[in-house]
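**Student:** need coordinates for the following:
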Amino acid sequence: MEPIILIKTTQGNIKIKLYNETPLHRDNFLKNIESGDIQETLFHRVISGFMIQGGDPESKKPDAGARLGMGTLTDDQGKDYRIPAEFHSHLYHKRGALAAARDGNSQKASSNCQFYIVDGQIESEALLQNKGYTEEQIKTYTEVGGTSFLDQDYTVFGEVLEGLDVVSTIANMPKDRSDRPREDVRMTFEILEA
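**Tutor:** As a prediction, this is how the structure comes out:
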């Protein structure tokens with residue numbers, strides 16, 4: 001059974017499921033919820049037709065207009081850590097995909113707390129040809145949308161079950177030059193099924 005999470009935001013609720021095929025990311029996300037480390041964080045970076053990003057612990061009580069997105073968590077020894085990449089060709093960046101943010105490390109290992117949800121846009125079939133996509137994936141990208149250029153670079157570890165309209169609402173909010181919404185979009189997490 002795949003874990004089901006409810007993300008309650010100031011713009012509405014988003015229900016997601018976490019994939020069992022990405023156990024390191026799944027378990028880390030659940031741990032961050034249960035520990036409270038990502039509770040009350042913001043969606044601090046939003047780009048219409050692309051994604052909404054959150055989970056930065058520095059966004060819990062930020063100054064107005066502060067640039068966010070560099071925060072991380074530490075392990076029991078006080079050391080920063082990353083989550084090893086868990087790429088699967090059948091887990092891709094369709095609209096509503098939940099994926100882990102990351103820095104530019106060569107292993108493509110993920111942030112231990114920051115994540116994004118794909119808003120995405122409709123893609124051209126011609127751009128998807130000869131890239132190893134299945135017919136179903138091409139149909140999804142050309143009819144539903146996504147961000148295929150991120151595939152196999154960032155780990156997809158879940159997807160939206162309900163609330164894609166909320167994702168789009170957040171993605172389209174007025175924002176500053178750092179893509180931070182001018183009105184804070186705070187979130188809390190509830191594990192519905194584990």
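**Student:** isn't Gly132 up against Tyr92?
**Tutor:** No. Gly132 is beyond contact range of Tyr92, at 10.5 Å (criterion: CB atoms under 8 Å). (C-beta placed from N, C-alpha, C; glycine too.)
**Student:** among those two, which residue is more densely surrounded?
**Tutor:** Applying other CB atoms under 10 Å to Gly132 and Tyr92 shows that Tyr92 carries more neighbours, namely 22 against 9.
**Student:** and the more buried one, what element?
**Tutor:** Counting by DSSP states H and E, no helix or strand carries Tyr92.
**Student:** give me the distance between it and Lys79.
**Tutor:** 32 Å (CB to CB, to the nearest Å).
**Student:** cool, Ile47 as well?
**Tutor:** Relative to Lys79, and taking CB to CB, Ile47 is found at 31 Å.
**Student:** one more: Ala126?
**Tutor:** Counting by CB to CB, the gap from Ala126 to Lys79 is 46 Å.
**Student:** what sits against Gly158?
**Tutor:** Gly158 makes contact with 5, 16-19, 22, 26, 29, 97-98, according to CB atoms under 8 Å, 6 or more residues apart in numbering.
**Student:** in helices only, show me those.
**Tutor:** 26, 29 (DSSP state H).
**Student:** out of the contacts of Gly158, who's the most crowded?
**Tutor:** Top of the contacts of Gly158 by neighbour count (other CB under 10 Å): Phe29, with 27 neighbours.
**Student:** okay, the nearest residue to that residue once chain neighbours are set aside and Lys60: tell me how far apart.
**Tutor:** Of all residues beyond its chain neighbours, the one nearest Phe29 is Leu18 (6.1 Å), with distances taken as CB to CB, 6 or more residues apart in numbering. Using CB to CB, Leu18 is found at 22 Å from Lys60.
**Student:** which secondary structure elements does the worst-scoring helix or strand of the chain on mean pLDDT contact?
**Tutor:** None of the helices or strands of the chain scores lower by mean pLDDT, DSSP states H and E than helix 125-128, at a mean of 91. Under the contact definition 3 or more CB pairs under 8 Å, 6 or more residues apart in numbering; DSSP states H and E, helix 125-128 sits against helix 135-143.
**Student:** C-alpha coordinates for whichever helix or strand comes after the helix it packs on, CSV please?
**Tutor:** Next along the chain after helix 135-143, taking DSSP H and E as the criterion, comes strand 156-162. Taking Å, rounded to 0.1, in the frame of the first residue of the first chain, the C-alpha atoms of strand 156-162 are listed here in CSV:
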residue,chain,number,x,y,z
VAL,A,156,10.0,11.6,-9.0
PHE,A,157,8.7,9.9,-5.8
GLY,A,158,4.9,10.6,-5.8
GLU,A,159,2.0,12.2,-7.5
VAL,A,160,-1.1,14.3,-6.9
LEU,A,161,-4.3,12.4,-6.4
GLU,A,162,-6.5,15.4,-5.8
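**Student:** can you mark which positions in the helix or strand that strand 156-162 is followed by are buried?
**Tutor:** Downstream of strand 156-162, the first helix or strand assigned by DSSP H and E is helix 164-171. Residues of helix 164-171 classed as buried by neighbour count (16 or more other CB atoms under 10 Å): 164, 166-171.
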